[in-house]
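K.L.:
Just a sequence and a predicted model for now, questions to come.
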Amino acid sequence: MTDAQVLNIGFDDTDSPKGMCTTFLAYKIVDFLKKQNAQFLDFPKLIRFNPNIPWKTRGNGAVSLQIKTTTPSKIKNQIKHLVEKYSDVKNGANPGLVFYESETIPEQFTEFSKLALWQLINRKQAKIFAAKNNLEIFYQGNGQGLIGAIGAIGYDFRDHTLELLSYRKNSKFGTKRQLPIQSVKTMQEKTFPHTFNSFDNKKNKILIAPHGPDPVFYGVRGENVNSLLQATKILKTDEKLAGYMIFKSNQGTGDHLKNELTIKTMKPYASGKITGIVSRAPKIVKGGHVFFSIKVDEDEIWCAVYKPTKMFFVAKSLIQGDKVCVGGGIRKSSKNHPRIMNLEFINVIYLEKNLVKSNPTCNNCNKKMKSKGKNQGYQCIKCNKKSPNKVLIENPRTIKKQLYLPAVSAHRHLSRPLQRIGRVNIESKFDESVSWFHAYRN
Ligand SMILES: [Zn+2]
C-alpha cells in the first residue's frame with residue numbers, strides 16, 4: 001500500500017447568473033471523495049473574495065478542500081470531469097481548478113490570497129504564481145477562476161463562520177422554494193446569536209433562501225455545527241432535499257475591510273479602510289445618496305453613502321472636523337466624478353463641536369434679539385437691550401462616537417454583522433465524525 005498524500009484542491013468561477021453554483025459542485029465532489037474513502041482534514045472552505053470587483057460572479061465565492069488519499073491521480077481525474085460537468089461555461093463561467101500536494105501551505109499562498117481579498121488581481125498573475133509554485137492547473141474560458149482557486153487554498157483564517165448549505169434535487173431546480181416565513185423567524189430567535197443574517201425583521205424578509213434557478217435551497221450562517229444542525233430542525237419545508245454540507249467561511253468576518261488603505265493603494269476596486277478628518281460637509285444628491293470628503297494627510301478622498309445602506313442619517317450628520325474611520329470599496333473615476341470610496345461602515349472616532357453663529361439672547365427676557373440691519377447690531381424687542389455681535393452657540397450632535405453599519409438587507413457576504421463585532425470564532429475545530437455532510441438517500 002502506498003503512503004497517503006495530502007491533496008489541496010481549489011476551484012472557482014464555475015457558475016453563471018443563469019445557473020449552477022460553485023458550492024453545489026463542491027457538494028458533488030465531496031460526495032464522490034467520501035465514496036473513495038478519502039480522509040477529510042478540514043471542513044470544505046467557502047471563501048468570498050474582493051466584493052468590489054464589478055465582473056465577479058454573484059458572490060465571488062471560491063471553494064477549497066484538504067484531503068488525504070492513497071490515489072491522488074485517480075481523484076484528480078475524476079474531479080476534473082466533475083468540474084467540466086458542473087460548470088456553466090456556455091453562460092459565461094470561467095472555471096479554474098488547482099491541485100497542490102503538500103501538508104503545509106507556504107506563506108506565498110497566504111499573500112496571494114490576501115491580495116485577492118483586497119485588490120484586483122489579473123489572470124496572468126495567477127498563471128505565473130501557479131508555474132512558480134508547482135501547482136497543477138486546469139481552466140476553461142479565460143481562466144478567471146484560477147485566482148479564487150489558488151486564493152481558497154491559501155486563505156489564512158483569523159476568524160471564521162460556518163454555513164450550512166442545503167441542496168435541492170435536480171427535478172426541483174428552477175421551481176419555487178416553499179419555506180414558511182414563520183419557521184425562519186422562529187429559527188433565528190431560537191439560535192441567536194449563534195446564527196446570523198437569516199431573517200430581516202424590519203422588512204419581514206427571508207435572507208437564507210436564494211430566488212434564482214440555482215441548486216441551493218437555503219444557507220444558514222452561524223458560529224458552530226450544533227447551532228446549524230439545530231437550525232435545520234426548526235426550519236420547515238415539505239420539499240425533499242438532496243442533502244446538505246457545512247462550509248467553513250470568511251463570511252461575516254469583515255476581513256475584506258481590515259486592510260489599511262493608503263493613498264497609494266487606493267486603486268480602483270481596492271477594498272479596505274482609512275482614517276481621516278471630514279473636510280467637506282455632506283452633500284445630499286437626488287435619490288438620497290450622500291457625498292462628503294475626508295482629508296488624509298494632504299490628500300482628499302471622496303466618500304459615498306448609498307441609500308440602500310440606510311447609513312444616510314449618519315453620513316448627513318457629519319460636520320467638518322469630525323474624525324472617522326471608513327471602510328468600503330474604491331470606485332473608478334469617470335468623466336463625471338473623481339475616484340470615490342463606497343462606504344460599508346462609518347466608525348465615528350471624534351465629534352467636533354457643532355458651533356453655529358446665532359443672534360444673541362436677551363438675558364432679561366430670555367428671547368432672541370432681532371437684527372437692527374446690516375452692521376447695526378441686535379436688540380431685544382421687549383426691553384430694548386442691545387448687543388453688538390452674533391454669538392456662537394453649540395448645537396447638540398445627533399450621532400455618537402461609535403461604529404455604524406449598513407442595514408442587514410444591504411449586507412454583503414463578507415460584511416461583519418453587529419452581533420459579531422469583537423467576536424473571533426475559534427469554536428469550530430474540525431472533527432470528521434460530526435455531521436458536516438449528508439446526502440439523503442430517499
Ligand atoms: Zn429683553
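P.N.:
Perfect, thanks for sending it.

K.L.:
Tell me how far the helix or strand Ile277 falls within lies from the chain's centre.
P.N.:
For Ile277, the enclosing helix or strand under DSSP states H and E is strand 271-285. Put simply, strand 271-285 sits 21 Å off its chain's centre (CA atoms, centre = their mean, to the nearest Å).

K.L.:
That strand packs against which elements?
P.N.:
Strand 271-285 is packed against helix 107-118, strand 289-296, strand 299-305, helix 312-316, strand 323-331, strand 340-350, with contacts defined by 3 or more CB pairs under 8 Å, 6 or more residues apart in numbering; DSSP states H and E. To be clear about C-beta, it is placed using only N, CA and C from the backbone, and glycine gets the same treatment.

K.L.:
Next, the buried residues of it.
P.N.:
Applying a neighbour-count criterion of 16 or more other CB atoms under 10 Å, one finds Ser271, Gly272, Lys273, Ile274, Gly276, Ile277, Val278, Ser279, Pro282 buried in strand 271-285.

K.L.:
Flag every residue of this structure that's near the ion.
P.N.:
Within the chain, the positions lying close to the ion (CB under 5 Å from the ion) are Cys362, Asn364, Cys365, Cys380, Lys382, Cys383, Lys385.

K.L.:
can you do 8 Å?
P.N.:
The interface of the chain toward the ion, taken as CB under 8 Å from the ion, is made up of Cys362, Asn363, Asn364, Cys365, Lys367, Met369, Cys380, Ile381, Lys382, Cys383, Asn384, Lys385.

K.L.:
Let me see the ranges of the strands in the stretch 101-250 of the chain.
P.N.:
Counting by DSSP state E, counting those that start in this stretch, the stretch 101-250 of the chain has these strands, from start to end: 136-139, 161-168, 195-196, 199-200, 205-206, 216-222, 241-249.

K.L.:
I'd like these as CSV, with distance to Asn342, mean pLDDT and mean neighbour count appended.
P.N.:
Written out in CSV, the entries for these read as follows (distance: least, CB to CB, whole Å; pLDDT from 0 to 100; neighbours: other CB atoms under 10 Å):
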stretch, distance to Asn342, mean pLDDT, mean neighbour count
strand 136-139, 31, 96, 19
strand 161-168, 24, 97, 24
strand 195-196, 23, 96, 24
strand 199-200, 21, 93, 18
strand 205-206, 23, 94, 16
strand 216-222, 23, 96, 24
strand 241-249, 23, 96, 22
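
K.L.:
Just send the ones you listed back as a markdown table, with distance to Gly329 too.
P.N.:
Rendered in a markdown table, the data for these read as follows (distance: least, CB to CB, whole Å):
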| stretch | distance to Gly329 |
| --- | --- |
| strand 136-139 | 26 |
| strand 161-168 | 21 |
| strand 195-196 | 22 |
| strand 199-200 | 23 |
| strand 205-206 | 25 |
| strand 216-222 | 22 |
| strand 241-249 | 20 |
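
K.L.:
right, and those - which one's nearest Gln178?
P.N.:
Set against Gln178 and scored by CB to CB, the strands of the stretch 101-250 of the chain come closest in strand 216-222, at 9.7 Å.

K.L.:
just checking, what packs against that closest one?
P.N.:
On a contact count with 3+ CB pairs under 8 Å, 6+ apart, strand 216-222 meets strand 161-168, strand 195-196, helix 225-234.

K.L.:
Pop out the phi and psi values for the residue nearest to Ser358 when sequence neighbours are not counted.
P.N.:
Ranked by CB to CB, 6 or more residues apart in numbering and with sequence neighbours excluded, the top spatial neighbour of Ser358 is Ile393, at 4.8 Å. In terms of degrees, to the nearest 10, the main-chain angles of Ile393 are phi -120, psi 150.

K.L.:
so how far is the ion from Ile393?
P.N.:
Ile393 sits 17 Å away from the ion, going by CB to the ion, to the nearest Å.
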